[in-house]
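Enquirer: the sequence isn't on hand, but the structure is:
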């Protein structure tokens, strides 16, 4: 898969934001939070973001955990925190789910979230990409929900097993026993809301950082994907 980053906006049909990292110091990508404010605060304290640092979330800030509104407030109010839209944000916008605590400002913020965020060589989406198609052949729904292009969800095979870039794709959505760190794919949903970890990836140093989550939802162990490197 190839893409000309300088013309990225012209090659894809989904809602997208391109950012310049040249003037940023440390840059992190953070996995699915799912309303787990305590884990988020602990992780942000560990990362100790400076004034010129940036953290990008892979979506699913909300639902399942107990403090979706507080998580949205935390991310929305900081210029150092940005996020793509996840399938749980989409469910709220499309009326397939509701969170009564959210107000009009929350919904406006969720609606403003792009489907993808990119920089030269990197792409953050919630779900993933189909290795058999160029980015220009993907819809917003594709990159938001992608797990198994030729299978049935968690039955696999998973898109990241054969994806060979570029760009390097940072993603959530698929709950992992351990984060995936490959040349072209970095998976960061380590099941915080299910009692796993909340994981961040340090883009500058190619390092992972995790804090333990508090399980708010039961999930069978077989529903955690173990990826072969």
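Expert: Received the coordinates, thanks. Bear in mind the structure is a predicted one, so any value in this text is a computation, not a measurement. Residues are numbered from 1 along each chain as shown.
Enquirer: for the protein, what spans make up the helices?
Expert: Applying DSSP state H to the chain gives helices spanning 8-11, 37-47, 68-76, 87-94, 104-112, 140-145.
Enquirer: so which of the ones you listed comes closest to residue 181?
Expert: helix 37-47 (17.1 Å; Cβ to Cβ). C-beta: built from backbone N, CA, C; applies to glycine.
Enquirer: how about the most centrally placed residue in the chain: what's its closest non-neighbour residue?
Expert: In the chain, the residue lying closest to the centroid (Cα atoms, centre = their mean) is residue 58, at 1.3 Å. Nearest non-adjacent residue to residue 58, counting by Cβ to Cβ, 6 or more residues apart in numbering: residue 172, 3.6 Å away.
Enquirer: now the one you found: how far from residue 199?
Expert: 9 Å (Cβ to Cβ, to the nearest Å).
Enquirer: what sits in contact with each of those two?
Expert: Common neighbours of residue 172 and residue 199 are listed as 31, 188-189 (criterion: Cβ atoms under 8 Å, 6 or more residues apart in numbering).
Enquirer: for residue 55, see how far away residue 75 is.
Expert: 9 Å.
Enquirer: what do those two both touch?
Expert: 81-82.
Enquirer: how many neighbours does residue 197 have?
Expert: By the measure other Cβ atoms under 10 Å, the count of residues near residue 197 is 22.
Enquirer: about what we covered before: can I get the shared contacts of residue 172 and residue 199 in a markdown table including neighbour count and distance to residue 177?
Expert: Conversion of those to a markdown table gives the following (neighbours: other Cβ atoms under 10 Å; distance: Cβ to Cβ, whole Å):
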| residue | neighbour count | distance to residue 177 |
| --- | --- | --- |
| 31 | 32 | 13 |
| 188 | 28 | 13 |
| 189 | 30 | 11 |
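Enquirer: return the residues in contact with the residue nearest to the centre of the chain.
Expert: So residue 58 contacts 29-32, 83-84, 86, 124-126, 170-173, 188-189 (Cβ under 8 Å, 6+ apart).
Enquirer: filter those residues down to the ones in strands?
Expert: 29-30, 83, 124-125, 170-171 (DSSP state E).
Enquirer: buried ones in stretch 103-117, by neighbour count?
Expert: 106, 109-110, 113-117 (16 or more other Cβ atoms under 10 Å).
Enquirer: same check on stretch 181-192?
Expert: Buried, per 16+ other Cβ under 10 Å, within stretch 181-192: 182, 185-192.
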